[in-house]
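Take this sequence and fold it.
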Amino acid sequence: MTPPAAPPSFAPSRRGFLAGVGASAVGLTFTGLAGCHRAPPGKHLNFYNWDTYIGKTTLQDFKAASGVTVDMSLFSNNDELFAKLRGGNQGYDVIVPTNDFVQRMAAANMLEPLDHAKIPNLKNIAPDFLNPPFDLGRKWSMPYTWLVLGLGYRKLKIQGVPDDWKWVFDSPQYKGRIGLLSEAGDLVRLVLQYLGYPMNTADPVALRKVEELLIRQKPNIAVFHDDNGQDLLLSGDIDIVIEYNGDIAQVMREDKDLDFVVPRQGSQISSDCLCIPKGAPNPDLAHEFINYLLDAKAGAEISQTIRYPTPNAAAKALMGPDYRDNPVIFPPQSILSKCDYATYNGEALSRQYEDIITRVRAA
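Take a look at the predicted model:
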């Protein structure tokens, strides 16, 4: 199959995406679902998703194909998603948790098991993503993207390539120009990796050292960002930030002075997944929507927009070399071999992560 021509230079920052497409065009809401207009049953889905994490025409295309209107609400991190659904489903049909939160939500009886017979496009998924350790047999989730955390940076402001976590965790060199992500588990695990501990350890000595290091580094930190590190980098508010490869790949199309590196110690590899939360009002339509998102053409349209690596082999085959061969989107195997999935190791440890970061931010 001949790849399509390279896409136009369009890199939606979070603000630019919403302004350019229009909230009404994609059915976006920014709050909970209380007070949302409810279409007749069977013709309406509520989708709870990360910001800038859908193709420019995906929701309109699904409506044209199925007659189903999708209202998409936005969350900024997995902690927020979990907290919103912990007390019961408020009307969501499809959600997009990261792999360790798939485990956490399944353990808490917050997810519906998937019916693979209703998701025939599972055949499009690359074999590496069919039986992941966090969801054996794909009982609870379908793969949407995979991603890796690293450092986005402004080349003119940073000396050389910052291929070491020390520049954000253990150095005053870029004081006041550093952005850390706010999600507790991710941040704790990255510091553990920098300190030489297993990323998923529960060792109290190691966790105490994480907290001590971050409190010591706190005066040098400009911001703990909520899923908008690439925007802060693009606007010049910061010069170096922990962010996902896809987010930095988005803004690199707007500003050639931006770049991305996975530090030499390795990092956290993740997979954002499509799940049906317990009590979904429209489970059959939720399956239909998930199946649509795994379609080759739909998957390619999503990937072209969001610039995250896709687990959809059929979609990747439709993409041009600017996507398939991009080392920011698809880091080399020599780097990925040093990266690990986060694992859910019980509610007590998850709460401990949250308490550590709460104390750091209050210090």
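
Shouldn't residue 145 be within a helix?
No - going by DSSP: H, G, I helix; E, B strand; the rest coil, the assignment for residue 145 is strand, not a helix.

and it, how many neighbours?
Using other Cβ atoms under 10 Å, residue 145 is surrounded by 25 other residues. All C-beta atoms are positioned from the backbone trio N, CA, C, and that covers glycine.

these two touch, right, it and residue 247?
No - judged on Cβ atoms under 8 Å, residue 145 makes no contact with residue 247 at a distance of 11.2 Å.

Tell me the secondary structure at residue 201.
Going by three-state DSSP: residue 201 is coil.

quick one: it and residue 242, what's the gap?
According to Cβ to Cβ, to the nearest Å, residue 201 stands 20 Å off from residue 242.

Those two: which has the busier surroundings?
residue 242 (25 against 16).

What residues are bridge-paired with that one?
Residue 242 has these beta-bridge partners by DSSP bridges: residue 151.

pretty sure it is touching residue 153, no?
No - assessed by Cβ under 8 Å, residue 242 is found out of contact with residue 153, at 10.4 Å.

low-scoring pLDDT stretches of the stretch 1-150 of the chain, where are they?
1-42 (pLDDT under 70).

Helices along that one, start to end?
Ranges of helices in the stretch 1-150 of the chain, per DSSP state H, counting those that start in this stretch, are 14-21, 23-26, 58-66, 78-86, 99-107.

again with the stretch 251-363 of the chain
283-293, 296-306, 313-316, 321-324, 333-336, 347-362.

Include distance to residue 179 when you put those into TSV, please.
Below are the helices of the stretch 251-363 of the chain laid out as TSV (distance: least, Cβ to Cβ, whole Å):
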stretch	distance to residue 179
helix 283-293	30
helix 296-306	20
helix 313-316	30
helix 321-324	26
helix 333-336	21
helix 347-362	13
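
Just send those helices back as JSON lines, with mean neighbour count too.
Below are the helices of the stretch 251-363 of the chain laid out as JSON lines (neighbours: other Cβ atoms under 10 Å):
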{"stretch": "helix 283-293", "mean neighbour count": "20"}
{"stretch": "helix 296-306", "mean neighbour count": "22"}
{"stretch": "helix 313-316", "mean neighbour count": "20"}
{"stretch": "helix 321-324", "mean neighbour count": "16"}
{"stretch": "helix 333-336", "mean neighbour count": "12"}
{"stretch": "helix 347-362", "mean neighbour count": "15"}
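
now the strands for the stretch 101-250 of the chain?
Using DSSP state E, counting those that start in this stretch, the strands of the stretch 101-250 of the chain run over residues 142-154, 178-181, 221-225, 240-244.

Just grab the bridge partners of the spatially most central residue of the chain for me.
Nearest to the geometric centre of the chain sits residue 272, at 5.6 Å (Cα atoms, centre = their mean). Listed beta-bridge partners, residue 272: residue 98, residue 145 (assigned using DSSP bridges).

any idea how far it is from residue 136?
18 Å.

And this protein, what are its domain boundaries?
14-146+270-324, 148-269+330-362 (automatic domain parsing).

Give me the distance from the last one to the chain's centre.
Averaging C-alpha coordinates over domain 148-269+330-362 and over its chain gives two centres that are 14 Å apart (Cα atoms, centre = their mean, to the nearest Å).

Residue 235 - how many residues pack around it?
13.

check contacts around the closest residue to residue 189 other than its chain neighbours.
Spatial nearest neighbour of residue 189, excluding adjacent residues (Cβ to Cβ, 6 or more residues apart in numbering): residue 199 at 4.7 Å. Taking Cβ atoms under 8 Å, 6 or more residues apart in numbering as the contact definition, residue 199 lies against 189-190, 192-193, 268, 340, 342.

ok, now with 7 Å
Shown in contact with residue 199 (Cβ atoms under 7 Å, 6 or more residues apart in numbering): 189, 192-193, 268, 340.

Any chance of TSV for the residues you listed, columns distance to residue 91 and pLDDT?
Converted to TSV, the contacts of residue 199 look like this (distance: Cβ to Cβ, whole Å; pLDDT from 0 to 100):
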residue	distance to residue 91	pLDDT
189	32	96
192	37	97
193	38	96
268	31	95
340	35	92
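
Just the buried ones among the residues you listed, please.
Buried subset of these (neighbour count, 16 or more other Cβ atoms under 10 Å): 189, 192-193, 268.

Report the two of those separated the most.
Farthest-apart pair in these is 192 and 268; separation 9.9 Å (Cβ to Cβ).

how about the contacts of residue 199 in a markdown table, adding distance to residue 322?
Putting the contacts of residue 199 into a markdown table (distance: Cβ to Cβ, whole Å) gives the following:
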| residue | distance to residue 322 |
| --- | --- |
| 189 | 31 |
| 192 | 35 |
| 193 | 30 |
| 268 | 26 |
| 340 | 29 |
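
Quickly name whichever of those is closest to residue 149.
residue 268 (5.1 Å).

what's around the residue lying closest to the closest one once chain neighbours are set aside, how many residues?
Spatial nearest neighbour of residue 268, excluding adjacent residues (Cβ to Cβ, 6+ apart): residue 149 at 5.1 Å. Neighbour count for residue 149, taken as other Cβ under 10 Å: 23.
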